[in-house]
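[1] Need coordinates for the below:
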Amino acid sequence: MNTTSDVLGALTTRARRDREEHLKPVYEFIVCGAGAAGSVIARRLSDNPDVSVLLIEAGGSDEHEAVLNPAQWPSNLGTERDWGFQAEPNPHLGGRTLPMSMGRGLGGGSSINVMVWARGHRADWDHFAKHADDAAWGYERVLDIYRRIENWQGVPDPQYRGTAGPVWVQPARDPSPIAGALLDAAEALAIPRFDSPNGRMMEGAGGVAITDMLVRDGRRHSIYRAYLHPILGRPNLTVATDTLVRRVLLDGSRATGVEVERGGKILTIGAGSEVILSTGAINTPKLLMLSGVGDHRHLADHGIPVARHLPGVGLGLQDHVSFGCTWEYREPIAPQASGSEATLYWKSRPELEAPDLLFCQVEFPVPSERTAALGVPEHGWTMFAGLAQPHSRGEVRLRSPDPHKAPLVDPNMLSDPRDLEAARACVRLCRNIGNGAAFSPYVKREVIPGAGAALDDRFIRDAAVTYWHQCGTARMGSDDLSVVDGSLAVHGLERLRVADASIFPRITTGNTQAPCVVVGERAGDILVAKHRL
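    Okay, the predicted model is just below:
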């Protein structure tokens, strides 16, 4: 027999599906992109029951075992849950073309990533505040936001951690013995160990710690799952999946809605208050340019009428670049959880203000397509060693005015000579740690680059791969190449904001998921205050 709650649940589900299938002509707020920032914004706006919110997502549901099972995250790459962007051939990487995966579906990147929770360094947020000319972006204020976000499951630390927020954050449970070996090997090189990679560790020179991750009861706890999944029954919230935003509709300098493609039909949907773009550092500049916002010469090349000349749209693309070194196990050790349970941040030069190197331990071999030629062990682990603060900058440009065509993506990795110098220091430290005494009970030999192999720039160029942390293509600031101001409003336009990794003035030190949640929370605060919600 059905209970009253079963009947009410069925009615709520039916009403939600009806809202999703029959979109209204106008909503108060339209949020484009259901990733780590967009999910947060839709939640915060819909907290007011009198406000109608439409969240548009190009991809589909997250109800897949490959999404929800932490160990299966690599199987999402190259599927319909991945935009599958491809970088331009890079002369600084020997002409290589790198895949630039990006999440497509409810949760965005937070549904296909490695689930690492990394807040960024104090220096990152103070840099944001300086560029935004707004202390609300500074480290001390952002600490308050992180405490509001988190439901921390580790050792109590009220100075740094919150316990009542929507995001379940836990240290890796019962980590692999090689995670412990990484901590011991780093300590042997005078790198300090911390209880967590978030908090004190990211206020100074860095250190080593067991990874904080978004895994709850053995399942992925994406930002969509944390913020939106529990409240999908709200009558003022509509989540439209499998819906492509083609362009923002502008009336002069005023955003009035969006044009979307859904079920083979093109629809226009009005926004009574604002449109917020949270489609990621590749799709957001693409969408701005398709809407006539960007460099007027580039838009003219594609026959797009100029609504606002903003030459910085698409420029400043940044990403963490990694150089994987791999060791073979003496005996097989099965990967656990996401397969990434320990992390390290350190400086390539002691005089630096903050860490510029990032190391994530991966409990299985991860070669590049070129370093695989050196031999890939059947059982082994990789130090995913990379640049936390690269100097190289790339760009995103349109290939075509067709919204279905992928844009040109040129990360331009290692184009700045300072990055090559830091990469040498990064790989040297990586090998010193991996060949340390702490690993001798578990490791037979170094396979990539290989025991006794000299470190040369060819290996660095051949090994380089992306962390999939693209950002910076619609950056916050007030100079001629900035795209949004400190309130995330697009310069020179009304009722249009950007809230995702595009707005980072520089890449954060570590995985970008947690900083994107902060951007979503800041956008929510700004919108609630402006519209008195």
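[2] domain ranges for this protein?
    Under automatic domain parsing, the residue ranges defining each domain of the chain are 4-18+25-63+223-314+472-530, 83-107+169-219+318-466.
[3] nearest to His131, of these?
    With Cβ to Cβ as the criterion, His131 lies closest to domain 4-18+25-63+223-314+472-530 of the domains of the chain, at 4.0 Å. Glycine gets a C-beta too; all of them are placed from N, C-alpha and C.
[4] from the middle of its chain, how far away would that closest one be?
    The gap between where domain 4-18+25-63+223-314+472-530 is centred and where its chain is centred comes out at 15 Å by Cα atoms, centre = their mean, to the nearest Å.
[5] Which residue is the nearest non-sequential neighbour of Trp327?
    Leaving aside its sequence neighbours, Trp327 sits nearest to Val443 (Cβ to Cβ, 6 or more residues apart in numbering; 4.6 Å).
[6] sec struct for Gln86, please.
    strand (DSSP: H, G, I helix; E, B strand; the rest coil).
[7] Might you report the residue contacts of it?
    In this structure, Gln86 makes contact with Thr97, Leu98, Pro99, Met100, Ala406, Val409, judged by Cβ atoms under 8 Å, 6 or more residues apart in numbering.
[8] Any idea how many residues pack against the residue nearest to the second one when sequence neighbours are not counted?
    Using Cβ to Cβ, 6+ apart and skipping the chain neighbours, the partner closest in space to Leu98 is Ala87 (4.5 Å). Applying other Cβ atoms under 10 Å, we find 22 other residues in the vicinity of Ala87.
[9] in the stretch 401-533 of the chain, which spans are helices?
    417-434, 457-463, 513-530 (DSSP state H, counting those that start in this stretch).
[10] Quick check: which helices or strands does the last one pack against?
    If you count contacts as 3 or more Cβ pairs under 8 Å, 6 or more residues apart in numbering; DSSP states H and E, helix 513-530 packs onto helix 38-46, helix 139-149, helix 223-227, strand 265-277, strand 496-498.
[11] let's see it at 6 Å
    Counting by 3 or more Cβ pairs under 6 Å, 6 or more residues apart in numbering; DSSP states H and E, the packing neighbours recorded for helix 513-530 are helix 38-46, helix 139-149.
[12] Reformat those helices as JSON lines; add distance to Arg247, mean pLDDT and mean neighbour count.
    JSON lines is the format used below for the helices and strands packed on helix 513-530 (distance: least, Cβ to Cβ, whole Å; pLDDT from 0 to 100; neighbours: other Cβ atoms under 10 Å):
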{"stretch": "helix 38-46", "distance to Arg247": "17", "mean pLDDT": "98", "mean neighbour count": "28"}
{"stretch": "helix 139-149", "distance to Arg247": "32", "mean pLDDT": "97", "mean neighbour count": "18"}
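[13] for those, which one sits closest to Gly292?
    Sorting the helices and strands packed on helix 513-530 by Cβ to Cβ, the top spot, which is the nearest, belongs to helix 38-46 at 22.2 Å.
[14] So which of the contacts of Gln86 is surrounded by the most neighbours?
    Neighbour counts for the contacts of Gln86 peak at Val409, which has 25 neighbours (criterion: other Cβ under 10 Å).
[15] Now do the contacts for that residue.
    Residues counted as contacts of Val409 (Cβ atoms under 6 Å, 6 or more residues apart in numbering) are Phe85, Ala87, Met100, Ile282, Val396.
[16] change it to 8 Å
    Under the criterion of Cβ under 8 Å, 6+ apart, the contact partners of Val409 comprise Phe85, Gln86, Ala87, Glu88, Met100, Ile282, Leu317, Gly394, Val396.
[17] Now the helix or strand hosting Thr256: buried residues?
    Assigned by DSSP states H and E, Thr256 belongs to strand 254-262. Using 16 or more other Cβ atoms under 10 Å as the burial criterion, the residues of strand 254-262 that qualify are Ala255, Thr256, Gly257, Val258, Glu259, Val260, Glu261, Arg262.
[18] can you map out the helices along the stretch 51-200 of the chain?
    Listed in chain order, the helices of the stretch 51-200 of the chain (DSSP H, counting those that start in this stretch) span residues 65-68, 122-132, 139-149, 177-188.
[19] picking that back up, any chance of the contacts of Gln86 in CSV with pLDDT and distance to Ala15 as columns?
    What follows is those, written out as CSV (pLDDT from 0 to 100; distance: Cβ to Cβ, whole Å):
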residue, pLDDT, distance to Ala15
Thr97, 96, 47
Leu98, 96, 44
Pro99, 95, 40
Met100, 95, 39
Ala406, 97, 36
Val409, 98, 40
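[20] Now, the residues you listed that are in strands?
    Applying DSSP state E to those, the entries found in strands are Pro99, Met100, Val409.
[21] where's the last one relative to Trp73, distance?
    Think Val409. Val409 sits at a distance of 22 Å from Trp73 (criterion: Cβ to Cβ, to the nearest Å).
[22] Next: Arg393.
    Distance of Arg393 to Trp73, computed by Cβ to Cβ: 28 Å.
[23] contacting residues for Glu353?
    By Cβ under 8 Å, 6+ apart, the contact list for Glu353 reads Ala123.
[24] quick one: contacts for the closest residue to Gly94 other than its chain neighbours?
    The shortest distance from Gly94 to any residue that is not its chain neighbour, by Cβ to Cβ, 6+ apart, is 4.9 Å, and that residue is Arg461. Contact analysis of Arg461 by Cβ under 8 Å, 6+ apart lists His92, Leu93, Gly94, Arg96, Leu414.
[25] let's see 7 Å
    Taking Cβ atoms under 7 Å, 6 or more residues apart in numbering as the definition of contact, the neighbours of Arg461 are His92, Leu93, Gly94, Leu414.
[26] count of neighbours near Thr284?
    Burial of Thr284, expressed as a neighbour count using other Cβ under 10 Å, amounts to 26.
[27] Would you confirm that it contacts Ala499?
    No. Using Cβ atoms under 7 Å, Thr284 is not in contact with Ala499, being 9.3 Å away.
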